[in-house]
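Asks: Need coordinates for the below:
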Amino acid sequence: MSTVNDLRDIPLLASLDLPTLADTARRVRHCSFRPGQHILIEGEQAPGLFFVLSGKVRLSRTAADGREQVLAMIGPGEPFDTVPLFDGGPNPSSARAMSPVACLLLSREDLLALISRHPGLALSMLGSMAGQLRELVGLVEDLAFRTVRARLARQLLAEAAEGTADITQQELAERAGTVREIAGRVLRRLAEDGLVRLERGRVIVLNPTGLAHVIEE
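Replies: This next block holds a predicted model:
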């Protein structure tokens, strides 16, 4: 019954009736991952659809020279690795656990069988994929039209909870599409301007309004 409750807490599956949730619970597999452990590798075949129960998962692509671009951060209740299940292609990105992570894994065959019995689930899947596409369009816009300073300000505002972003300079650099050295210089300048305070492993946002203005520079 605990797995049924886990499934009911996932927005994408919340509309399924109890018998279908129970049937799905018998088909999903529980997975756990250590911080830093790869869950998926870019270019490999997809094992199925993952749902995060707890923890945080980073999706990214890696260039030939080793540079990594973070595409999204996935949290509890969210799915990832959706695209390969519909186009039959390989994983478009790598997924790595950023903390202790617990997931449910649903195979492609079981997912498609669920969709055929519950057309509403297909609409939910489309909505989820549309949201991911909007996030990627926003990322492209940032990389193409915003400075590193503006991109870092945007990431800090997105990450800050109650004024604090628990994130390292390396992680900020990867999400903003730059390198740690450049990110460090820009963050020090933001600190000099009184917008943030730098601490070990986190950044304190002192002036959210000021950071919002930086994004539009």
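
Asks: ranges for the helices of the protein?
Replies: 2-8, 18-27, 83-87, 108-117, 119-145, 148-159, 169-176, 180-192, 208-215 (DSSP state H).

Asks: Distance to Pro47, mean neighbour count and mean pLDDT added to those helices, as CSV?
Replies: For the C-beta atoms, the positions are set from N, CA and C on the backbone; glycine is no exception. CSV is the format used below for the helices of the chain (distance: least, CB to CB, whole Å; neighbours: other CB atoms under 10 Å; pLDDT from 0 to 100):
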stretch, distance to Pro47, mean neighbour count, mean pLDDT
helix 2-8, 18, 15, 86
helix 18-27, 13, 14, 86
helix 83-87, 9, 16, 88
helix 108-117, 8, 15, 88
helix 119-145, 17, 13, 83
helix 148-159, 29, 21, 87
helix 169-176, 25, 22, 82
helix 180-192, 32, 16, 90
helix 208-215, 38, 16, 88
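
Asks: In JSON lines: those, plus distance to Gly77.
Replies: Formatted as JSON lines, the helices of the chain follow (distance: least, CB to CB, whole Å):
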{"stretch": "helix 2-8", "distance to Gly77": "10"}
{"stretch": "helix 18-27", "distance to Gly77": "15"}
{"stretch": "helix 83-87", "distance to Gly77": "18"}
{"stretch": "helix 108-117", "distance to Gly77": "17"}
{"stretch": "helix 119-145", "distance to Gly77": "11"}
{"stretch": "helix 148-159", "distance to Gly77": "18"}
{"stretch": "helix 169-176", "distance to Gly77": "21"}
{"stretch": "helix 180-192", "distance to Gly77": "30"}
{"stretch": "helix 208-215", "distance to Gly77": "26"}
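
Asks: The residue nearest the centre of the chain and His38: what is the separation?
Replies: Taking CA atoms, centre = their mean, the centroid of the chain lies closest to Met73, which sits 2.1 Å from it. Counting by CB to CB, to the nearest Å, the separation of Met73 from His38 is 16 Å.

Asks: Would you map out the domains in the protein?
Replies: With domains defined by automatic domain parsing, the chain comprises 2-135, 146-215.

Asks: correct me, but Leu7 touches Ala25?
Replies: Yes. Using CB atoms under 8 Å, Leu7 is in contact with Ala25, at 6.0 Å.

Asks: intersection of neighbour lists for the two?
Replies: Residues touching both Leu7 and Ala25 by CB atoms under 8 Å, 6 or more residues apart in numbering: none at all.

Asks: Next up, the contacts around Glu159.
Replies: 165-167.

Asks: Can I get the buried part of these as one PyMOL selection?
Replies: Buried subset of the contacts of Glu159, written as a PyMOL selection, criterion 16 or more other CB atoms under 10 Å:
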select buried, resi 165+167
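
Asks: okay if I get the contacts of Glu159 as TSV plus pLDDT and distance to Arg154?
Replies: Output for the contacts of Glu159, formatted as TSV (pLDDT from 0 to 100; distance: CB to CB, whole Å):
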residue	pLDDT	distance to Arg154
Ala165	74	12
Asp166	75	17
Ile167	78	13
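
Asks: Closest one of the contacts of Glu159 to Thr209?
Replies: Ala165 (16.1 Å; CB to CB).

Asks: Not counting its neighbours along the chain, what's nearest the closest one?
Replies: Glu159 (3.9 Å; CB to CB, 6 or more residues apart in numbering).
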